[in-house]
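**Q** sequence and predicted structure, then a few things I'm wondering about:
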Amino acid sequence: MASGSVQSIDRAFAVLRQVASAPGGISDVARAVDLPVSTVARLLGTLESLGAVERLADSSTYSIGAGISALAESIDASTSLVTRAQPILAELVARTGETSGLSVIAGDEVVYLDHVETTNEVTLRDWTGARLPLHVVSSGLVLLAAQPPKVVAAYLAHPPKRLTDRTVTQPARIRQRIANIRRDGYMWTIGEFDDGISSVAAPVVDMHGATVAAIHCHGPSYRFPGATDIDTITAHITDAANKLSASLGFGARPLTRGAQA
């Protein structure tokens, strides 16, 4: 294979990896991979025609497309993110006594990939496969906080929906919450998606330090967090996120950081 062809493949892979970790516009991707804007524009155009990337609705922001998603879904389950997460989620349930789950971002929504249910008599519904606005749940906010400024601005350009009286919809307040997540490495929401549900989430990062998912724990607000110290629960959720991140090659180290700013 000619060296030029190898270089093109290397560049296309770099662009794909960047879009997968942080959806963005042509200029955003070009800066991140240190390539000329014209080169990145050409590569994204080719990748879009192949279904490897796609543009988010009403924007010039590129994200991973259905073609790559289909390839990812064909990977053996033993190496999948969900399979890696399941024992960690089960341990989190044992520690907190509440349901735990794994989620990823898909455009303007958070998608719940899997969950491990608590043994409590009163449980919440299985949210696997559900899609919710990013700003109404802890995992969605954690994933939104990992996005580049242009993506955050595009999301906040449309009036965020209010689902309960506690839903935070003011763009300035959401931006402050994003700053807090980037500083602290976790997020709590109380009754913002549903009056009776509380949740906490922390980011899962890959070997490059890019947020690829969120681990969350949720339960009925009347008992969660309940009498258990909030700091203790938060430590459990960040520890679980650390463990899954370590399995992806990031290494077991605290996720409290501002690297995603």
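**A** Yes, it's here. Numbers count the residues shown, from 1 in each chain.

**Q** per-domain residue ranges of the protein.
**A** The record's domain parsing of the chain by automatic domain parsing lists 3-73, 77-247.

**Q** adding mean neighbour count and mean pLDDT, write those domains out as JSON lines.
**A** Backbone N, C-alpha and C define where each C-beta goes, glycine included. Formatted as JSON lines, the domains of the chain follow (neighbours: other CB atoms under 10 Å; pLDDT from 0 to 100):
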{"stretch": "domain 3-73", "mean neighbour count": "16", "mean pLDDT": "83"}
{"stretch": "domain 77-247", "mean neighbour count": "19", "mean pLDDT": "89"}
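
**Q** which parts of the stretch 51-200 of the chain are strands?
**A** With DSSP state E, counting those that start in this stretch, the ranges of strands along the stretch 51-200 of the chain come out as 53-55, 62-64, 99-106, 109-116, 131-133, 187-190, 197-205.

**Q** how far off centre is the fourth one?
**A** Distance of strand 109-116 from the chain centroid (CA atoms, centre = their mean, to the nearest Å) equals 10 Å.

**Q** which strands and helices sit next to that strand?
**A** Contacts defined by 3 or more CB pairs under 8 Å, 6 or more residues apart in numbering; DSSP states H and E place strand 109-116 against helix 81-96, strand 99-106, strand 131-133, helix 138-145.

**Q** so Thr118 touches Gly97, yeah?
**A** Yes - between Thr118 and Gly97 a contact is recorded at 6.0 Å, counting by CB atoms under 8 Å.

**Q** joint contacts of those two?
**A** Jointly contacting Thr118 and Gly97 under the rule CB atoms under 8 Å, 6 or more residues apart in numbering are Gly219.

**Q** phi and psi next, for the nearest residue to Asp195 once chain neighbours are set aside.
**A** The shortest distance from Asp195 to any non-neighbouring residue, by CB to CB, 6 or more residues apart in numbering, is to Thr164 (5.2 Å). For Thr164, the backbone dihedrals (degrees, to the nearest 10) come out as phi -140, psi 170.

**Q** got a list of what Thr164 touches?
**A** Contacts for Thr164 (CB under 8 Å, 6+ apart) come out as 191-195.

**Q** 10 Å - rerun?
**A** Thr164 is in contact with 136, 190-197, counting by CB atoms under 10 Å, 6 or more residues apart in numbering.

**Q** counting only helices, which of those residues make the cut?
**A** Assignment to helices by DSSP state H places none of the contacts of Thr164 there.

**Q** between all of the residues you listed, which two are separated the most?
**A** Farthest pair in the contacts of Thr164 (CB to CB) is Val136 and Gly196. Separation: 13.9 Å.

**Q** and the residue nearest to Phe193 when sequence neighbours are not counted, what does it touch?
**A** Spatial nearest neighbour of Phe193, excluding adjacent residues (CB to CB, 6+ apart): Val136 at 4.4 Å. For Val136, the contacting residues are 110, 160-164, 166-169, 189, 192-194, by CB under 10 Å, 6+ apart.
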